[in-house]
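Asks: here's a sequence, model it:
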Amino acid sequence: MSAVELTWKNLILETKTNKRILDDVSGQVSPGTITAIIGPSGSGKTTLLNSLAGRNTKTLTLEGEILANGNPRDTNNWSKTIAYVNQQLIAFDHQTVYETLKFAADAKLSEDEDTLQEIENTINMLSLQKIRDSTLSTLSGGERMKLAIGIEYLGNPSILFLDEPTSGLDSSSALNILDILQKLSKLNKTIVLTIHQPSYEMLQKINKLILMTAGVTVFDGSIKDCIDFFDEAGFKIPKNTNPATFFLDTIDINATYEDAKKITRVSIFIQLTGAISLEFQTKNNLDIKKRRGTRQEPEEV
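Replies: Purely as a prediction, here's the structure:
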């Protein structure tokens, strides 16, 4: 499968009741990179991932463009172009790792493909050799996630989407998962994942960050550029602070709905995104002009 650069432009996602979940979101991810979508709870990160993967339900309406190598994605062949790894592995616990991969390969690969060789390649790529004959019921959380990635990697997809693959894992296992994704990205795969709150060490393994809140993109770029972006906006990261934690704390509006400092938080949001939904203004009895590119001093409460 050839490499794919994925581009999305002006995505708007709404429910049947016209509630807007994604608000004019644009971006791009390239082959050979790992892109992490992060944001507070309810920010739209998983919704964006599902929109790009084509997994939204029929109750939602999506507008905008999603392009693969500059062309509208072919919905007929999209399932062969991408793979999607869920948080939880759904498989038979009494089967071994090898049997699980064999079952998946028989279902996914065509008859003219060397199924057994594909399985061996996947086992070697994901370092599953030591547990190939272990039953799934004996696997750790990290091993189950590696197997989940292996199942979806069968068929050689160009783009791999992962929904919080490090959720519930200890730091060592989480870093191991990102090491595996780095190996896959070096094969010119496009890797896109959501992640709740990456550690500093995990950030070092990510090429690009998409920071979201309230259904909009606050920032899209490298970790270093994101730090500079916040600094230029007047929000300097304190020493010995995980950048991801600082980013999320700064833009987390939902956590401050009932906070006396919510006007301060809204001001920050406007400075960083230049946009605020009418729904949010109405909910919080606000009447605030949109601003971008200028420093606005928070109002005193």
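Asks: which residues in the chain form strands?
Replies: Taking DSSP state E, the strands of the chain run over residues 6-15, 20-29, 33-38, 60-68, 71-72, 82-85, 159-163, 190-194, 208-213, 216-221.
Asks: quick one: closest of the ones you listed to residue 135.
Replies: Among the strands of the chain, strand 82-85 comes nearest to residue 135, with 20.8 Å by C-beta to C-beta. (Glycine included, C-beta is placed from N, CA and C.)
Asks: neighbouring contacts of the closest one?
Replies: If you take C-beta atoms under 8 Å, 6 or more residues apart in numbering as the criterion, strand 82-85 is touched by 53-55, 145, 148-149, 152-153, 155, 157-163, 165.
Asks: and that strand, which strands flank it?
Replies: Its sheet considered, strand 82-85 pairs with strand 159-163 (parallel) by DSSP bridges.
Asks: how far off centre is the partner strand?
Replies: Between the centre of strand 159-163 and the centre of its chain there are 7 Å (C-alpha atoms, centre = their mean, to the nearest Å).
Asks: and if you look at stretch 90-102?
Replies: So, by C-alpha atoms, centre = their mean, the centroid of stretch 90-102 is 26 Å from its chain's centroid.
Asks: tell me the buried residues in that stretch?
Replies: 91, 96, 97, 98, 99, 100, 101, 102 (16 or more other C-beta atoms under 10 Å).
Asks: I figured the third one hits residue 133, correct?
Replies: Yes: between residue 97 and residue 133 there is a contact at 7.2 Å, judged by C-beta atoms under 8 Å.
Asks: roughly how far apart are the closest residue to residue 207 other than its chain neighbours and residue 138?
Replies: Using C-beta to C-beta, 6 or more residues apart in numbering and skipping residues adjacent in sequence, the residue nearest residue 207 is residue 33, 4.1 Å away. Residue 33 sits 34 Å away from residue 138, going by C-beta to C-beta, to the nearest Å.
Asks: residue 180 too?
Replies: Relative to residue 138, residue 180 is positioned 20 Å away (C-beta to C-beta).
Asks: re earlier: save the strands of the chain as CSV, and put in mean pLDDT and mean neighbour count too.
Replies: Formatted as CSV, these follow (pLDDT from 0 to 100; neighbours: other C-beta atoms under 10 Å):
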stretch, mean pLDDT, mean neighbour count
strand 6-15, 93, 17
strand 20-29, 90, 19
strand 33-38, 97, 23
strand 60-68, 93, 15
strand 71-72, 92, 8
strand 82-85, 96, 22
strand 159-163, 97, 23
strand 190-194, 97, 24
strand 208-213, 91, 25
strand 216-221, 88, 21
